[in-house]
Every structure is written in C-alpha cells, then in structure tokens.
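Asker: Give me a 3D structure for the following:
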Amino acid sequence: MSEKNRDGKRTARERLAVEREKQKAAEKRRRTLIVGASVVCVLGLAAVIGVVAANAGKDKDKSSGPVVAPSGAQGKDSLAIAVGKDGAKPTLTIWEDFRCPACQSFETVYRPTLHELTDSGKLRIEYHLVRLIDGNLGGTGSLRAGNAAACAQNAGKFRDYHDVLYENQPKETVDTFANNAKLIDLAGKVGGLDTAVFRKCVNDGKHDSWVDKSNAAFKAGGFSGTPTVLLDGKNIYQDQTMTPAKLKQLVLAANKG
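Answerer: You can find the predicted model right below:
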C-alpha cells in the first residue's frame, strides 16, 4: 500500500474519531438539558402546589381555639414532640404529615434504625406535625391525625400510635383520617391508649390549633415538602446517597465526637 493511501485512511479514521467524539458530546449535552428541564418542571410544579396549598389552607390554618401543646412538647413554641433520651446527640428533626405517602415510605425504611438509635440513647428525634396534604387535596385528615397523635403523646404513647398511623395510612386522595372514629379505632392497636380521656381529646380537637401553629411554622421555615428530615440542621432527606446504614454511621460518629 502506498504512503499516500495509508495517510488517506489514517486521516479518514481520525475524522471518524473526531466525529464520534462530537456525537458523544452532543448526546451528553442533550441528556443534561433533559435532566435540567425535568428538574425545572418539578420545581415549577412544586411552586404551583405551594400556591394552591397556601390558598386552600388559609381558612383552615386559622386557630379555632387556644393553642394547647401536648404533654412534654418541647422546642420553640413547644411545637416538637421528642422521642429519645434528652441530651442525646445528634438530634433528628422530622417535619411530617400523616397523609403523606413519602412520609410513610421514609418511616417504613428507616423505622427499625430510628427505634434502635433512640432506644439505645444515641439519637433524639423531634417530630413536627403538619397538614400539607389537607392544603393540597382538601380535607382534614392531616389535622385530625395530628391532633390524635398529640392526644397519644399525652398518654405517653406517641411513638407507638405514630407507627400505627403510618402502618394504616389510606391512599393520599382518600381522607380516611378525617374520621375521628377511625382514629380511635386505630388506638385499639396500642395497649392502654383507647381510654375515655383519649377519646375526648380526639373528639374535642384539643390540639387542633397546636397542629395549625406547627403547620404555620413549617411554611415560615421555607421547607419544600414532607418529609423534611434534618440531622443537626442538615437536610439529609435530599441526600440521594443516604441509607439507614449511613444514617446510623453518622449518629454513631457524632456520639464518639
């Protein structure tokens, strides 16, 4: 083969290689644009939902009575229900809605680890109850369930009843928790909770205004959705690499420090 032919083929291969690299680069840009557009759509949808929630929840957020915090409520304005040893470090702050499917998913995956860490005194959890789904889809199930959970706190049964509510969570669009009788029926799954005092607390909506105040604090905090999960102030729910095992490692490391 002549030198000229060899040079021609080499040049052709080089041109082909350059063209392939251009195609790869173009494909990479295309994928980036698609992902970027998807994120913008999600954020845009979130903004729309936020506006709807703000408008739909205006009347519901107005306290119909005095703000009565449940027994042992802590933190600013007594809006947190604490689980775990006082003084334990670190602190996990969870903003949640009992009608929220994502909250249920988080609880299902992380519950065994959270129970282990709180029971061993290595983690303290502060739960804040909100009613985001009531605002988005209408209804009062988030409010009613939040009030019932606060009533359970009065009886020292918050964590057990909290878990029962998620284990029996209805579909997001079905407002089953708006029925006090259903919430009282579920209390039967927690030993010693279904008492006359608990029933009166649920039926009277004793802590409704407290739940509304917690919901207002959630909005004022600028959080984007539920669950919002903060480990010593850092949002770990947004960390795509987070797992129960990784969370456990972080908590154990904090205890060593």
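
Asker: contacts, neighbours, all on C-alpha from now
Answerer: OK.

Asker: got a list of what Ala245 touches?
Answerer: Going by C-alpha atoms under 8 Å, 6 or more residues apart in numbering, Ala245 touches Thr113.

Asker: ugh, wrong one, I meant Pro90
Answerer: Pro90 neighbours (C-alpha under 8 Å, 6+ apart): 122-124, 231-232, 251, 254-255.

Asker: pLDDT wise, what is Lys89 at?
Answerer: The model reports Lys89 with a pLDDT of 89.

Asker: Run through the residues that contact it.
Answerer: 122-124, 251, 254-255.

Asker: ditto for Arg199
Answerer: Going by C-alpha under 8 Å, 6+ apart, Arg199 touches Ile184.

Asker: What strand or helix carries it?
Answerer: Secondary-structure assignment from DSSP states H and E places Arg199 in helix 196-204.

Asker: re earlier: list the ones among the contacts of Pro90 that fall in strands.
Answerer: With DSSP state E as the criterion, strands contain 124, 231 from among the contacts of Pro90.

Asker: Kindly write the ChimeraX command that selects the buried subset of the contacts of Lys89.
Answerer: Buried residues within the contacts of Lys89, by 16 or more other C-alpha atoms under 10 Å, are selected in ChimeraX with:
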select :122,123,124,251
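
Asker: In CSV, list the contacts of Lys89 along with distance to Asp86.
Answerer: Supplementary listing: those in CSV, determined by distance: C-alpha to C-alpha, whole Å:
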residue, distance to Asp86
Lys122, 10
Leu123, 9
Arg124, 7
Val251, 15
Ala254, 15
Asn255, 14
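
Asker: Closest one to His115 out of the contacts of Lys89, please.
Answerer: Nearest to His115, judged by C-alpha to C-alpha, of the contacts of Lys89 is Leu123 at 9.2 Å.

Asker: Distance-wise, check that closest one relative to Gln240.
Answerer: Distance of Leu123 to Gln240, given as C-alpha to C-alpha, to the nearest Å: 22 Å.
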